[in-house]
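# model the structure of this input:
(2 chains)
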There are 2 protein chains.
Amino acid sequence: MTTMTTMTECLSETIDQRTTVDIGRYFADRAALVDRWMDRLIPPVTESPSIIHEAMRYSLFAGGKRLRPVLAMAAAELFDVAEESLLPVASSLEMIHTYSLIHDDLPAMDDDDLRRGMPTCHVRYGEAIAILAGDALLTRAFQTLVEAPISTPEIRIALIAEVARAAGTSGALIGGQVLDLLSEGQPVTATLLEDIHRAKTGALIRCAVRTGALLGRADGSQLDLLTTYGEKIGLAFQIADDLLDETATTAQLGKTAGKDVAAHKATYTALHGIEGARHLARRVTAEAISALDLFDSLDSSASLPGDTSTLRAIARFIVERES
Amino acid sequence: MTTMTTMTECLSETIDQRTTVDIGRYFADRAALVDRWMDRLIPPVTESPSIIHEAMRYSLFAGGKRLRPVLAMAAAELFDVAEESLLPVASSLEMIHTYSLIHDDLPAMDDDDLRRGMPTCHVRYGEAIAILAGDALLTRAFQTLVEAPISTPEIRIALIAEVARAAGTSGALIGGQVLDLLSEGQPVTATLLEDIHRAKTGALIRCAVRTGALLGRADGSQLDLLTTYGEKIGLAFQIADDLLDETATTAQLGKTAGKDVAAHKATYTALHGIEGARHLARRVTAEAISALDLFDSLDSSASLPGDTSTLRAIARFIVERES
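Reported below is the predicted structural model:
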């Protein structure tokens, strides 16, 4: 806790805090909205085969910050996007994130018993159902994207392409998990570490910001700057995660603390030390904020209905969070 | 072998054999074409992380009849569909089929060591990479569908929706595998058996025929009849599979023979006996052919560039095959 306070204090020196967004409340409100939509988008447990829908719901509704949906929503709020389009897209990102957690937690992978403060899917339902629940959430994400009421077929196709690439193997979700598995016990270099996390957590976080922007019909310059923002906060998120793994408790995290260190995983703290990792987190967060400054200075941004205050607050939240 | 010959003889009494399509050659030619396209559509092993692309390719190129792509192609040949549109769509079906085989073969599921005459993916690459290779093939299937040069966004969206539903939980691929797992050692009823196979193998076979028809811009009546054809041959395929599990050898099948019986799985032979299952296979194949007769009698079918002879030959092949 004290270590996080220190990080917060350091950050507040460098990162502009011009807004008064209550980010805790923002996350809570948006997470509740995402949960209501996901409840509609996932088949009920009364639908056969009951057990698979129960397992999908168990992991999906186990809590979590809903960072990826919230990012999509915060980016979309700059523009003018209808809830009926935005929420299914945002929900699909959480389905993909949850599928990746279920599979990563399997005994053959990271072998974790605890996730979001609850027994992992395979502990609760067995490995076979957990594998299939992950498969089903991934599949359902694409079904959700293809069935959502999105204004034009071109935007829908751009969104599906965006999500499919972010969830894939080349610099993306699955590729990152592969690199992470291969890195265990290996010497860690800065390049390998960046490759792992740009893919494993970065690609879907970047994608989340971009889906909001695509739904909002962002122009090329706007999309580029929001993409930079997404890349920077993705990196900041992972550095903060590595710091939390070392400095927070299992109870705070809802997942096993200290596990990455124990497994000799490639982490930012292993490579740079705790102070070095904090410095890096500050730097990339400042870069994320700079991208928003540039976004605000675009001529095309002057007439937008929303502003970047929420995205700024999320950037700070990502490195200041305690779980 | 003799049992299959008998089935063939019985079938030839009831099923019209008006055509002289060399179905063995047709399958071989189309499978080679699909393999060439899949080689382009899956990242090369030189792309990082190499191991995941190697594992995806290992299972994808382990052989197999390519039934689903061939069905999509045979349905599309009734109409006029460009190879550049058809082959990526056909290939995406094989990616999904292969992902489902990799996951079904895992120790936590059917625990099989042999598939397509080769060690299964997890035997060759370990469980973690096998799980991720399955995930990656499923994801790549959607990326392929969203990136293929398809003439209109509406057709592309219809295809993605078709595939996502067929790969899902409700009367579809994943749901069928769940029902199949749950059925082990349970009393088998005709309804349960049909529910399992309509979902587990039927949904993707039906989908394959429909994707070809959708690409060909089939009208409503044509699509309905081709859908019936797809449903019937899906059922015939599964009955033939159950018969082969009992009557063929492991060497013929390229996967462990007699395994379903040993696991007390819900099979058509367990429920109806070998003769009863053969009778059912004949009946549903005749129903598939009847749907094609009706298709041919549609006014809208008179002007089509292709005819139903290949689809008829495939229906016969499905129940006459020896592996």
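# identify each buried residue in stretch A:184-198, please.
Neighbour counts over stretch A:184-198 (16 or more other CB atoms under 10 Å in any protein chain shown) mark A:188, A:192-198 as buried. Backbone N, C-alpha and C define where each C-beta goes, glycine included.
# should've said stretch A:270-290
A:270-272, A:274, A:277-278, A:280-282, A:284-289.
# please apply the same query to stretch A:201-213.
So stretch A:201-213, judged by 16+ other CB under 10 Å, has buried residues A:201-213.
# swap in stretch A:124-144?
Buried residues in stretch A:124-144, counted by 16+ other CB under 10 Å: A:124-125, A:127-144.
# roughly how far out does it sit from the chain middle?
For stretch A:124-144, the distance from its own C-alpha centre to the chain's C-alpha centre is 19 Å (CA atoms, centre = their mean, to the nearest Å).
# put the alpha carbons of it into CSV.
The C-alpha trace of stretch A:124-144 is given here as CSV (Å, rounded to 0.1, in the frame of the first residue of the first chain):
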residue,chain,number,x,y,z
ARG,A,124,-14.8,-25.3,-10.0
TYR,A,125,-15.9,-27.2,-13.2
GLY,A,126,-13.0,-29.5,-14.1
GLU,A,127,-10.5,-29.1,-16.9
ALA,A,128,-12.6,-30.3,-19.8
ILE,A,129,-15.4,-27.8,-19.1
ALA,A,130,-12.9,-25.0,-18.4
ILE,A,131,-11.2,-25.5,-21.8
LEU,A,132,-14.6,-25.6,-23.5
ALA,A,133,-15.9,-22.5,-21.5
GLY,A,134,-12.8,-20.6,-22.8
ASP,A,135,-13.5,-21.8,-26.4
ALA,A,136,-17.1,-20.8,-26.0
LEU,A,137,-16.4,-17.3,-24.7
LEU,A,138,-14.0,-16.7,-27.6
THR,A,139,-16.6,-17.9,-30.1
ARG,A,140,-19.3,-16.0,-28.4
ALA,A,141,-17.3,-12.8,-28.7
PHE,A,142,-17.3,-13.1,-32.5
GLN,A,143,-21.0,-14.0,-32.5
THR,A,144,-21.7,-10.9,-30.4
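# quick revisit: for chain B, state which of the buried residues of stretch A:184-198 is nearest.
Distances from chain B to the buried residues of stretch A:184-198, taken as CB to the nearest CB, are shortest for A:D195 (7.6 Å).
# report pLDDT for that closest one.
pLDDT, A:D195: 91.
# what's the following helix or strand after the helix ranked longest in chain A?
Assignment by DSSP state H gives helix A:268-297 as the longest helix of chain A. Next along the chain after helix A:268-297, taking DSSP states H and E as the criterion, comes helix A:309-320.
# quick one: distance of the helix or strand hosting A:A141 to the chain centre.
Assessed by DSSP H and E, A:A141 sits inside helix A:127-147. Relative to its chain's centre, helix A:127-147 lies at 18 Å (CA atoms, centre = their mean).
# between whichever strand or helix holds A:A28 and helix A:127-147, how many degrees?
Element membership for A:A28 (DSSP H and E) is helix A:23-41. Helix A:23-41 and helix A:127-147 are oriented at 90 degrees to each other (axes from the mean of the first three to the mean of the last three CA atoms, to 10 degrees).
# show me which residues of the stretch 151-300 of chain A are close to chain B?
A:153-154, A:156-157, A:160-161, A:164-165, A:167-170, A:174-175, A:177-179, A:181-182, A:195 (CB under 8 Å from any CB of the partner chain).
# what's the PyMOL syntax to select whichever of those are buried?
Buried members of these, defined by 16+ other CB under 10 Å, are picked up in PyMOL with:
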select buried, chain A and resi 156+157+160+161+164+165+167+168+169+170+174+175+177+178+179+181+182+195
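# let's see which of the residues of the stretch 151-300 of chain A next to chain B end up in helices.
A:153-154, A:156-157, A:160-161, A:164-165, A:174-175, A:177-179, A:181-182, A:195.
# what's the closest of those to B:M95?
Set against B:M95, the nearest of these by CB to CB is A:A164 (12.0 Å).
# now that closest one: closest residue in space that isn't a chain neighbour?
Distances taken as CB to CB, 6 or more residues apart in numbering or on different chains place B:Q143 nearest to A:A164, at 3.8 Å, with adjacent residues excluded.
# do I have it right that the one you found meets A:G168?
Yes: judged on CB atoms under 8 Å, B:Q143 makes contact with A:G168 at a distance of 6.1 Å.
# remind me which residues of the stretch 101-250 of chain A are low pLDDT?
A:248-250 (pLDDT under 70).
# list, one by one, the residues from the stretch 1-150 of chain A near chain B.
Contact residues, the stretch 1-150 of chain A versus chain B (CB under 8 Å from any CB): A:43, A:47-49, A:51-53, A:56, A:99, A:103, A:106, A:108-109, A:126-129, A:131-132, A:134-136, A:138-140, A:142-143, A:146-147.
# and if we set it to 7 Å?
With CB under 7 Å from any CB of the partner chain as the criterion, the stretch 1-150 of chain A meets chain B at residues A:43, A:47, A:49, A:51-53, A:103, A:106, A:108-109, A:127-128, A:131-132, A:135-136, A:138-140, A:142-143, A:146-147.
# what helices and strands are in contact with the helix holding A:A141?
For helix A:127-147, the elements it packs on are helix A:50-60, helix A:83-104, helix A:121-125, helix A:153-166, helix B:127-147, helix B:153-166, helix B:173-183, judged by 3 or more CB pairs under 7 Å, 6 or more residues apart in numbering or on different chains; DSSP states H and E.
# repeat that with 8 Å
With contacts taken as 3 or more CB pairs under 8 Å, 6 or more residues apart in numbering or on different chains; DSSP states H and E, helix A:127-147 sits against helix A:50-60, helix A:83-104, helix A:121-125, helix A:153-166, helix B:83-104, helix B:127-147, helix B:153-166, helix B:173-183.
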